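# Here is a sequence with its predicted model. Questions after.
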Amino acid sequence: MIPIIPLALGAVEVISSLFKPVLGAVEDVTDAIEQELGDEEIQKRYNALKEAQSTLAGKLSAERVSLKAVTESIDEKIARLRAKYGD
Amino acid sequence: MRKYVHSVLFVLMSASVVSCATLEGQMMLRKEIAELTESNKKDQTVLVALVSSNTFANEFDRLLDDLLATELTKDQYFGIKPSITKGQLALKTLNNEEATEEEITKANTDLGNAMVEMRRWHARIFPSRAPPVIPTDERPPS
């Protein structure tokens, strides 16, 4: 059996580390507006936010690809079980 | 005097136009940030569910390897089959990119529940491979 709890805890850590840059970028832009920083600075921070979000979207896409691959493997094995034991 | 007043008015009007443009730009930016933050929230929820689902799915896949590598009795197969079907259905939703975040979250929970049931059956079918101490709520069905 797979040690599910350590894996889950590891996943939480990975996710937290993924979100930090995005949340930090949101705060940076909001702070820049609140502090009435110049347009250039606000734009710079906004661009950083978009970049961080794009990274997050990339991670999401990678998870989808990985899940799709393992699902295909699962479907194929379930089909073999059905062929062997019946439906 | 009139010229002076005109100059002052011109400066004030220019400043007000610039100020309005800046405010409008900042309002647009705030709106965009709010939208990005909202879409980001959805991405985060879905990502959390998918990371967790990937962990479950990999365990599911390995469990199927074990089942395929042995001769199951009809009782064992038809005992574990509903959980397998439940997990497979949950995976179908998780792989649907059109699914809402609520549907994804529910499917992840369903997959987790199916895995708990499958683990119990696995422990019954392969008692020697079961963990030495199984928590009370994870004991195989009697």
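Happy to help now that I have it.
# tell me what the strand or helix carrying residue B:59 is packed against?
Under DSSP states H and E, the secondary-structure element containing residue B:59 is helix B:2-68. The criterion is 3 or more Cβ pairs under 8 Å, 6 or more residues apart in numbering or on different chains; DSSP states H and E, and the helices and strands that helix B:2-68 contacts are helix A:4-34, helix A:39-85, helix B:74-94, helix B:101-125. Yep, even glycine has a C-beta here, placed from its N, CA and C like the rest.
# centre of the chain versus it, how much separation?
Going by Cα atoms, centre = their mean, to the nearest Å, the spacing between the C-alpha centre of helix B:2-68 and its chain's C-alpha centre is 20 Å.
# re earlier: so for residue B:46, which of the helices and strands packed on helix B:2-68 sits nearest?
helix B:101-125 (5.3 Å; Cβ to Cβ).
# counting contacts, what elements does the closest one pack onto?
Other elements packing on helix B:101-125 under the criterion 3+ Cβ pairs under 8 Å, 6+ apart are helix B:2-68, helix B:74-94.
# mind putting these in JSON lines, distance to residue B:109 and mean neighbour count included?
Formatted as JSON lines, the helices and strands packed on helix B:101-125 follow (distance: least, Cβ to Cβ, whole Å; neighbours: other Cβ atoms under 10 Å in any protein chain shown):
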{"stretch": "helix B:2-68", "distance to residue B:109": "9", "mean neighbour count": "15"}
{"stretch": "helix B:74-94", "distance to residue B:109": "8", "mean neighbour count": "18"}
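# quick one: low-confidence ranges for chain B?
Applying pLDDT under 70 to chain B flags residues B:1, B:15-23, B:130-142.
# let's see it at 80
Filtered on pLDDT under 80, chain B yields the residue ranges B:1-27, B:29-30, B:33-34, B:37, B:39, B:129-142.
# next one: chain A
Low-confidence segments of chain A, defined by pLDDT under 80, span residues A:1-43, A:45, A:52, A:87.
# show me the contacts for residue B:35.
Contact partners of residue B:35, counting by Cβ atoms under 8 Å, 6 or more residues apart in numbering or on different chains, are absent.
# Okay, it and residue B:42: tell me how far apart.
Residue B:35 sits 11 Å away from residue B:42, going by Cβ to Cβ, to the nearest Å.
# Kindly report the same for residue A:58.
If you measure residue A:58 against residue B:42 using Cβ to Cβ, the figure is 16 Å.
# Could you do residue B:105 as well?
According to Cβ to Cβ, residue B:105 stands 11 Å off from residue B:42.
# Now residue B:45. Nearest residue, chain neighbours left out?
Nearest non-adjacent residue to residue B:45, counting by Cβ to Cβ, 6 or more residues apart in numbering or on different chains: residue B:101, 4.6 Å away.
# Was I right to think the one you found contacts residue B:46?
Yes. With contact defined as Cβ atoms under 8 Å, residue B:101 reaches residue B:46; the gap is 5.6 Å.
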